[in-house]
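Participant: Return a 3D structure for these sequence lines:
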Amino acid sequence: MVSQVGSGGGVKLHVSSSQREFEKDGDDRDLYYLPPRVLFAALGADDAWAILPKDEGVQRYASQYRRIVGEAVSNSHLPMKYDCIDQGDLYLLDAAICQQIGEVYEMHRQRFGDRPVRVWPYVNSQEVRQWVQALRCRGLDVSIAFAGQNRFPHPQNRGGWGRLWTDRGTPGFAEMYGIPYPQSYVVNDAAEMTQALAEFDGRAVWAKPVFGSGGYTNMKLRRARDVAQFYERLIGFGQFRVNGQVMPVEIQADLGDMFPNTTGIEFGSLQYLRQRILTPGAFTRQRIDIQGQWYGNDYNVNWGHGVEEQLYDIWDRFRKGMKDFGGGSFNDIGGIDFAVIDIEDKDPEVVVVENNGGRQTGASPANIMARLMGVEDEAFTAVKIDGADGIEVEQIWNVLVENRLNLMRGQQFGAIPLVWVDGGQMIFIVGESHEAVQETYDQIQNLVFQRGPR
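Facilitator: Take a look at the predicted model:
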């Protein structure tokens, strides 16, 4: 899910399975949107393969999507190779692979022979390492492309960026490397959270579980009585415990309270693999709805020289810190989210909000599509479409074609669907400017509302 395969004789095997910590985070959509993401890594790549769950909807999407992209790039024989494994009732596809290792071994021998294989999972989890080791024990040349997630606390996740409440005299990762980051503490239970909350003197903080996704359990707190409500929320979402332990939580200063003279806050991100930024244009601008939920990324955005200078400085400091924590190597994958704070009578300031390390990000399909369509340097967006449940991916493509809004390789205008499953439809739009991209998005959104499912 990161980049297309080049020459070299090896195979990239892409497996999109969630991770155990997300099972009860209130967002079960990862069971539906993660499998289609993995197909993008195999698009147009002769030496890439994907493993998908044996699901009628996923297989129908894969078949339709191969035809769509083949039409868009004028290649009816576009490579997109995959096999399917019966996931049954298991939450993790990786766990199903472990149970069916004999079948996977035979598939491997048939597809790849003696060629070396690099596995690109969503996350290098215990289950991934288990089935890779099982294949190695059978004599296959298999390895995992990036390092596994480190134990808490570590700067791969929220647990390592602020100060541990139990060791609050020791700076966290951000302070150690001079990276601008909100004041924060990582606590282990409600008693510690209540004590840490007093450090903020009534200013608002965000309580964020260290392990989880989607932000569904994040909550804004001001008073000690809010703590009980937050833990009730955790219990309600089944996130009170993770791996048998009470969920560690970061409480992070609210940006609005940190910068009382702010005139606006925008958010962005970058995606990385080891020492390299993967994001076309280096930094996205995130689209955030009125509920504070992410719904897309704009690419090749002009943040301005002063902001980008701060971002590159943060990136350099982050890389150095991760190398230090990695014993001299930085073999990681992930994404950094940041905020750009506009302040009255001052230059904008950049603050890191979080690092999602040790796993692949939702920006990967757009990054890959931009390269496949040859529009890496153009204004483009990857954005969610509302009201599209019940509309299949080839149906939305036909709507685009009928209205002359479909993107074809060699053009700098148009749209093509990305991940397209009920509850999570995203579209890729290119234009001569971000204003033109927005006009196309509005037009497509109106067409979807008018059409509805059929």
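Participant: which residues does the residue of the chain positioned farthest from its centre contact?
Facilitator: Distance to the chain centre peaks in the chain at residue 345, reaching 34.9 Å (criterion: CA atoms, centre = their mean). Listed by CB atoms under 8 Å, 6 or more residues apart in numbering, the contact set of residue 345 reads residue 261. Backbone N, C-alpha and C define where each C-beta goes, glycine included.
Participant: What are the buried residues along stretch 131-142?
Facilitator: Neighbour-count burial for stretch 131-142 flags 131, 132, 134, 135, 140, 142 (criterion: 16 or more other CB atoms under 10 Å).
Participant: show me what contacts the second one?
Facilitator: If you count contacts by CB under 8 Å, 6+ apart, residue 132 has them with 119, 142, 143, 144.
Participant: Could I have the buried ones of those as PyMOL selection syntax?
Facilitator: Here is the PyMOL command that selects the buried residues among the contacts of residue 132 (16+ other CB under 10 Å):
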select buried, resi 119+142+144
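Participant: Can you list which of the contacts of residue 132 are found in strands?
Facilitator: 119, 142, 143, 144 (DSSP state E).
Participant: Nearest to residue 415 among these?
Facilitator: residue 119 (32.4 Å; CB to CB).
Participant: per-residue confidence at the closest one?
Facilitator: At residue 119, the model reports a pLDDT of 92.
Participant: in the stretch 251-400 of the chain, which spans are helices?
Facilitator: Remark: helices assigned in the stretch 251-400 of the chain by DSSP state H, counting those that start in this stretch are 255-258, 305-325, 364-373, 393-402.
Participant: What are the buried residues along the longest one?
Facilitator: This means helix 305-325. 307, 310, 311, 314, 315, 317, 318, 319, 321, 322, 323, 325.
Participant: my guess is the last one contacts residue 155, does it?
Facilitator: Yes: contact status for residue 325 versus residue 155: in contact at 6.1 Å, counting by CB atoms under 8 Å.
Participant: Now do residue 396 against residue 81, distance only.
Facilitator: According to CB to CB, to the nearest Å, residue 396 stands 24 Å off from residue 81.
Participant: Point out where this structure drops to low pLDDT.
Facilitator: By pLDDT under 70, the low-scoring segments of the chain are 1-9, 19-32, 149-152, 212-216, 237-244, 452-454.
Participant: neighbours around residue 297, how many?
Facilitator: Per other CB atoms under 10 Å, the neighbour tally for residue 297 reads 26.
Participant: Neighbours of the nearest residue to it once chain neighbours are set aside, how many?
Facilitator: Closest residue to residue 297 apart from its sequence neighbours, by CB to CB, 6 or more residues apart in numbering: residue 284 at 4.0 Å. The tally of other residues near residue 284 (other CB under 10 Å) stands at 28.
Participant: on that earlier part again, just put the helices of the stretch 251-400 of the chain in CSV and tack on distance to residue 225.
Facilitator: Formatted as CSV, the helices of the stretch 251-400 of the chain follow (distance: least, CB to CB, whole Å):
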stretch, distance to residue 225
helix 255-258, 19
helix 305-325, 36
helix 364-373, 41
helix 393-402, 47
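Participant: quick one, which of those helices is nearest to residue 48?
Facilitator: Evaluated over the helices of the stretch 251-400 of the chain, closeness to residue 48 peaks at helix 364-373, with 10.7 Å, by CB to CB.
Participant: Tell me how far the closest one lies from the chain's centre.
Facilitator: Chain-centre distance of helix 364-373: 14 Å, with CA atoms, centre = their mean, to the nearest Å.
Participant: repeat for stretch 70-90
Facilitator: Relative to its chain's centre, stretch 70-90 lies at 21 Å (CA atoms, centre = their mean).
Participant: end-to-end on that stretch?
Facilitator: In stretch 70-90, first residue to last residue: 33 Å (CA to CA, to the nearest Å).
Participant: what do you get for stretch 113-121?
Facilitator: 21 Å.
Participant: same thing with stretch 87-105?
Facilitator: 16 Å.
Participant: contacting residues around it?
Facilitator: 15-20, 23, 31, 35, 51-55, 85-86, 121, 125, 127-128, 130-131, 134-135, 138, 140.
Participant: What's the PyMOL syntax to select whichever of the residues you listed are buried?
Facilitator: Here is the PyMOL command that selects the buried residues among the contacts of stretch 87-105 (16+ other CB under 10 Å):
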select buried, resi 15+16+17+18+19+20+31+35+51+52+53+55+85+121+125+127+128+131+134+135+140
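Participant: list residues touching both of residue 325 and residue 155?
Facilitator: With contacts defined as CB under 8 Å, 6+ apart, the residues shared by residue 325 and residue 155 are residue 173.
Participant: about what we covered before: which two among the ones in strands among the contacts of residue 132 are spaced furthest apart?
Facilitator: Taking CB to CB as the measure, these span a maximum distance of 8.1 Å, between 142 and 144.
Participant: which residues are common contacts for the two?
Facilitator: What both residue 142 and residue 144 touch, as defined by CB under 8 Å, 6+ apart, is the set 119, 132.
Participant: which residue sits closest to the residue most central in space within the chain, ignoring its sequence neighbours?
Facilitator: For the chain, residue 361 is the residue whose C-alpha lies nearest the centre (CA atoms, centre = their mean; 2.1 Å). Spatial nearest neighbour of residue 361, chain neighbours left out: residue 335 (4.1 Å); criterion: CB to CB, 6+ apart.
Participant: Where does residue 12 sit: helix, strand or coil?
Facilitator: What DSSP: H, G, I helix; E, B strand; the rest coil gives for residue 12 is strand.
Participant: Angles on the backbone of residue 201, please.
Facilitator: phi 50, psi 40 (degrees, to the nearest 10).
Participant: burial measure for it, as a count.
Facilitator: Neighbour count of residue 201, defined by other CB under 10 Å: 7.
Participant: do you know how far it is from residue 222?
Facilitator: Distance from residue 201 to residue 222, by CB to CB: 10 Å.
Participant: go on, residue 281?
Facilitator: 38 Å.
Participant: Could you do residue 175 as well?
Facilitator: For residue 175, the distance to residue 222 - CB to CB - is 24 Å.
Participant: Walk me through the domains of the chain.
Facilitator: Domain ranges of the chain: 11-144, 158-258, 261-358, 362-454, per automatic domain parsing.
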